[in-house]
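Undergrad: Pasting the sequence and the predicted coordinates here, then a few questions.
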Amino acid sequence: MKEQTSVSCRSDCSAIKDLNHYYHYFVSKISHEIRNPLTLVYSSLQLIEKSYPELPDSNLWGQIKQDVQDIIFLLNDLSSFNNSSVLKLAMLNPADFLASIAAACRPSIESHGILLSLEIPEGLPAVPADAIKLKEALMNLLRNAQEALCGESRSMSRTDSSDGKFVGTDTGFRKKICISAEYSDGFIFLHVRDNGPGIPSEYLADIYDPFVTHKPSGTGLGLSIVRNIARRHGGNVTISTNTLPPDTYTDVCISLPLSAAAAEN
């Protein structure tokens, strides 16, 4: 009887794996097949707009473009969410990796009057990670931080576009995003911290749930993707936040184990 139960379990597990494989395949396939023609539609809308300069003055035209773009973003996020558990691990230098992300994102972020800083200690050990997936997770966090800060209305000093540094007199609250890293107890911890308004406590209970969003145009998949990627690496995501002025902030931390075995399980 025990042998029969064991064989049955192995058979069921195999069937579940096959079902999961086909599920991921079809979600990716459908997302891809819908996204491609929609991207062409959006490109056509842009070409039409160039031919008819009066169109952007129409609220209806702007809404059509926004709706198409929102669907494309949703399909992109759905594809990312669906494939967030598929990893290709390699040893990654956290300092070099984070520096490259900061360099790539700094011009865009600082064009919104947000100071992006990088705090990386020396001697961080290499960590087994999928660089593409991990970059996707951090880009999601940086986008969330930027959106939180762009909702702020407090005064800013101006930005010198030549080097991305703030110049002149700071007349009020300075918007900041900080990317940092630390090592402790066999884990690398990657932080994205902003000094925006913080996350209301009532949002935290379902903040990782897919398709749950409190943004007007959000898909509700960003943090779900981040958590899936972190957990597939054998780590996790934690959020600390404060909504009480003057020291409001949100700090999202991704933990990554140094053990490759933990990431593969």
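TA: Received it, and whenever you're ready, just let me know what you need.
Undergrad: how about the strands of the chain, start to end?
TA: For the chain, strands defined by DSSP state E occupy the ranges 90-92, 114-119, 127-129, 159-160, 165-166, 175-184, 187-194, 236-242, 249-257.
Undergrad: ranking those strands by burial, who's on top?
TA: strand 127-129 (a mean of 25; mean count of other CB atoms under 10 Å). C-beta here means a position set from N, CA and C on the backbone, and glycine is covered the same way.
Undergrad: May I have the strands that pair with that one, each with its orientation?
TA: strand 90-92 (antiparallel) (DSSP bridges).
Undergrad: With residue 99 as the reference, name the closest of the strands of the chain.
TA: Minimum separation from residue 99 across the strands of the chain (CB to CB) falls at strand 114-119, 6.4 Å.
Undergrad: quick revisit: could I get the strands of the chain as CSV with mean pLDDT?
TA: Formatted as CSV, those follow (pLDDT from 0 to 100):
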stretch, mean pLDDT
strand 90-92, 95
strand 114-119, 95
strand 127-129, 96
strand 159-160, 36
strand 165-166, 36
strand 175-184, 96
strand 187-194, 98
strand 236-242, 97
strand 249-257, 97
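Undergrad: Need these in JSON lines (columns: distance to residue 221).
TA: As requested, the strands of the chain are exported to JSON lines (distance: least, CB to CB, whole Å):
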{"stretch": "strand 90-92", "distance to residue 221": "24"}
{"stretch": "strand 114-119", "distance to residue 221": "23"}
{"stretch": "strand 127-129", "distance to residue 221": "21"}
{"stretch": "strand 159-160", "distance to residue 221": "31"}
{"stretch": "strand 165-166", "distance to residue 221": "33"}
{"stretch": "strand 175-184", "distance to residue 221": "21"}
{"stretch": "strand 187-194", "distance to residue 221": "17"}
{"stretch": "strand 236-242", "distance to residue 221": "14"}
{"stretch": "strand 249-257", "distance to residue 221": "15"}
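Undergrad: Of all these, which one is nearest residue 46?
TA: That would be strand 114-119 among the strands of the chain, by CB to CB, at 27.6 Å.
Undergrad: got a list of contacts for that closest one?
TA: Identification of contacts with strand 114-119 by CB atoms under 8 Å, 6 or more residues apart in numbering yields 98-99, 102, 105-106, 109-110, 146, 149-150, 164, 166, 174-181.
Undergrad: Domains in the protein, by residue range?
TA: Here the domain assignment for the chain is 2-82, 90-264, based on automatic domain parsing.
Undergrad: weakest of those domains by average pLDDT?
TA: The weakest mean pLDDT among these belongs to domain 2-82, with a mean of 68.
Undergrad: how close does the residue nearest to residue 226 when sequence neighbours are not counted get to residue 123?
TA: Excluding the flanking residues, the one nearest residue 226 by CB to CB, 6 or more residues apart in numbering is residue 137, at 4.5 Å. Distance, residue 137 to residue 123, by CB to CB, to the nearest Å: 24 Å.
Undergrad: what about the closest residue to residue 49 other than its chain neighbours, neighbour count?
TA: Of all residues not flanking residue 49 in the chain, residue 55 sits nearest, at 5.2 Å (CB to CB, 6+ apart). Residue 55 has 16 neighbouring residues, counting by other CB atoms under 10 Å.
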